[in-house]
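> coords please:
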Amino acid sequence: FTLRAYLQQTHEMLFDAHNHAFRVFGGVPQRGIYDNMKTAVDKVGRGKQRQVNVRFTAMVSHFLFEATFCNPASGWEKGQIEKNVQDSRRRLWQPMPNFPSLEALNDWLESRCRELWTLTAHGTRLGTIADAFAEEVPYLMPAPRPFDGFVEYTKRVTPTCLVHLERNRYSVPASFANRPVSLRVYPDRIVAVAEGQTICEHARVFARSHDRQSETVYDWRHYLAVVQRKPGALRNGAPFAEMPAAFKSLQQHLLKTPGGDREMVDILALVIQHDEKIVLTAVDMACKAGVPTKTHILNLLHRLIDGRPVTPPTIEAPQALVLTTEPCANVERYDALRRIGGARHAS
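Alright, predicted model coming up:
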C-alpha cells in the first residue's frame, strides 16, 4: 500500500497519484481494480458496462494495464481496501502529525509506508508485507515515463492579461490579451499554451473555502510591453509589487528624478534580452555603489557579460602637492592699472 495526500479529488490529482504509485512500486501491475469513482467512470451501465472517462482511458493506455471496476453496492468486492483505509488511519494519524507543507506531508507518507511494509505482518503468509511484495516485483511490467496527466481548458485572456480558473486569476504575456489560450492544469501548477508553445507557467493556487477571497497571481515580466507604452503604470501597478528586491530599490531612486520612470522601464526590459540574474547583479552593484543610473547599470551589465572586471583597479595616488611659495593676497597691483595714461576707468 502507498498513500498520498491531495487538496482535491480531480482528474489531474488521480493521474499524479498513479505516477507516484508506480514509481514507489517500481513497476506497473497488469490489472487495477477501481471503484466507480467519477474521475474514472462517466456512467455506470448494466453489469460490467461502464462509460469510462476519456482521460482515464488515455492513462490506462499509456501504462498498458487493465482497469476493472467493481459492481455498485458490492462492498465485499473491495473489502480489503476498506480495511486498509481503517488500518492506515490507526497507523498514521494517531497521534495526528503536523507538517509545514503538502510536499513535506507526502514525503513523510511515502517513507512511512515503506517503513510499515517491513513492520507489518502479511497475515496469511509468513513474513512481512515487504517480503511478500519482493516476490511480486519481478512480475510487474516496466514503468514507462510518467503520464502527462493534465486537464485542459480553453480560456480567453482578459484585456488586463489575466485568465480565470477556479475563482483565481493568473497573468499571461500582454501580447495574448483578448485572445484564446489553452490552460493545462496540473496538481501543482498551471501551464498556458498558445500557438503550439508554452507561453507561461504559474504555481497553482487553491481556494479551500467559498468564503476565501480569490487571488490574482502576477508575473511582472508579462507586463513589460504595457509599461513600455505607459511608463507611469510602474508607480502603482499591482503586477510590479512582486519585483525582486534589487529592482524595487532601484525604483525608489529613479522615480524621484525626472524621466526616471522611462529609465526604469528600459532597465526592466533588459531581462528580455539578457539573463535576469546578470541584470539583477548589475542593478544591485549600481545601488551599492551609490550610482543608480541607467548608464552605469548598462556599463556594469556589459562588463559582466564580457567577463571584464567590474571594479576599477586600485590607483596609488601621490601625496598632496605642497607649493614652495604660497601666494599672498595683494590688491595694490590693481592700482597700477589706474595710472596708465589715457585710460578711463569707472569710478
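> domain assignment for the chain?
Structurally, the chain divides into domains by the TED database as follows: 11-139, 151-217, 240-306.
> mean pLDDT and distance to L3 added to the ones you listed, as CSV?
Every residue, glycine included, has its C-beta placed from N, CA and C. CSV is the format used below for the domains of the chain (pLDDT from 0 to 100; distance: least, C-beta to C-beta, whole Å):
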stretch, mean pLDDT, distance to L3
domain 11-139, 88, 5
domain 151-217, 89, 15
domain 240-306, 87, 35
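> what's the closest of those to A329?
domain 240-306 (37.9 Å; C-beta to C-beta).
> quick check: phi and psi on N36?
Phi and psi for N36, reported as degrees, to the nearest 10, are phi -90, psi 60.
> distance of the residue nearest to it when sequence neighbours are not counted from E135?
Nearest residue to N36, sequence neighbours excluded (C-beta to C-beta, 6 or more residues apart in numbering): V44, at 5.3 Å. Counting by C-beta to C-beta, to the nearest Å, the gap from V44 to E135 is 35 Å.
> those two: which is more packed in?
Ranked by neighbour count (other C-beta atoms under 10 Å), V44 and E135 place V44 first, with 14 against 10.
> list the contacts of the more buried one.
Contacts for V44 (C-beta atoms under 8 Å, 6 or more residues apart in numbering) come out as 36, 50-51, 72.
> and the gap between H20 and E110?
Counting by C-beta to C-beta, the gap from H20 to E110 is 8 Å.
> list the contacts of V151.
V151 touches 10-12, 55, 184-185, counting by C-beta under 8 Å, 6+ apart.
> what's the farthest-apart pair in the contacts of V44?
Q51 and P72 (13.8 Å).
> distance to N330 for the domains of the chain - can I get that in JSON lines?
Listed next are the domains of the chain as JSON lines, based on distance: least, C-beta to C-beta, whole Å:
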{"stretch": "domain 11-139", "distance to N330": "82"}
{"stretch": "domain 151-217", "distance to N330": "72"}
{"stretch": "domain 240-306", "distance to N330": "43"}
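> who's Q51 bridged to?
K43 (DSSP bridges).
> what ranges do the helices span in the chain?
For the chain, the helices defined by DSSP state H occupy 11-25, 54-63, 79-92, 102-119, 129-136, 224-229, 233-236, 245-254, 260-268, 270-273, 276-289, 294-306, 335-338.
> is it correct that G237 is in contact with Y223?
Yes - contact status for G237 versus Y223: in contact at 6.9 Å, counting by C-beta atoms under 8 Å.
> these two: who's more crowded?
Set G237 next to Y223 and count neighbours by other C-beta under 10 Å: Y223 wins out with 23 against 15.
> quick one: that one from R189, how far?
With distances taken as C-beta to C-beta, Y223 is found 20 Å from R189.
> so which bits of stretch 78-93 are buried?
Buried residues in stretch 78-93, counted by 16 or more other C-beta atoms under 10 Å: 88, 91.
> only alpha carbons, please: show that stretch as PDB.
Taking C-alpha atoms only, stretch 78-93 is exported to PDB below (Å, rounded to 0.1, in the frame of the first residue of the first chain):
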ATOM      1  CA  LYS A  78     -13.300  -4.300  -2.200                       C
ATOM      2  CA  GLY A  79     -13.300  -5.200   1.500                       C
ATOM      3  CA  GLN A  80      -9.600  -5.500   1.700                       C
ATOM      4  CA  ILE A  81      -9.300  -1.900   0.500                       C
ATOM      5  CA  GLU A  82     -11.800  -0.700   3.100                       C
ATOM      6  CA  LYS A  83      -9.800  -2.500   5.800                       C
ATOM      7  CA  ASN A  84      -6.700  -0.900   4.500                       C
ATOM      8  CA  VAL A  85      -8.200   2.600   5.000                       C
ATOM      9  CA  GLN A  86      -9.100   1.800   8.500                       C
ATOM     10  CA  ASP A  87      -5.700   0.400   9.300                       C
ATOM     11  CA  SER A  88      -4.000   3.400   7.700                       C
ATOM     12  CA  ARG A  89      -5.900   5.800   9.900                       C
ATOM     13  CA  ARG A  90      -4.800   3.900  13.000                       C
ATOM     14  CA  ARG A  91      -1.200   3.500  11.900                       C
ATOM     15  CA  LEU A  92      -0.600   7.000  10.500                       C
ATOM     16  CA  TRP A  93      -2.900   9.500  12.100                       C
END
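> all set now, cheers.
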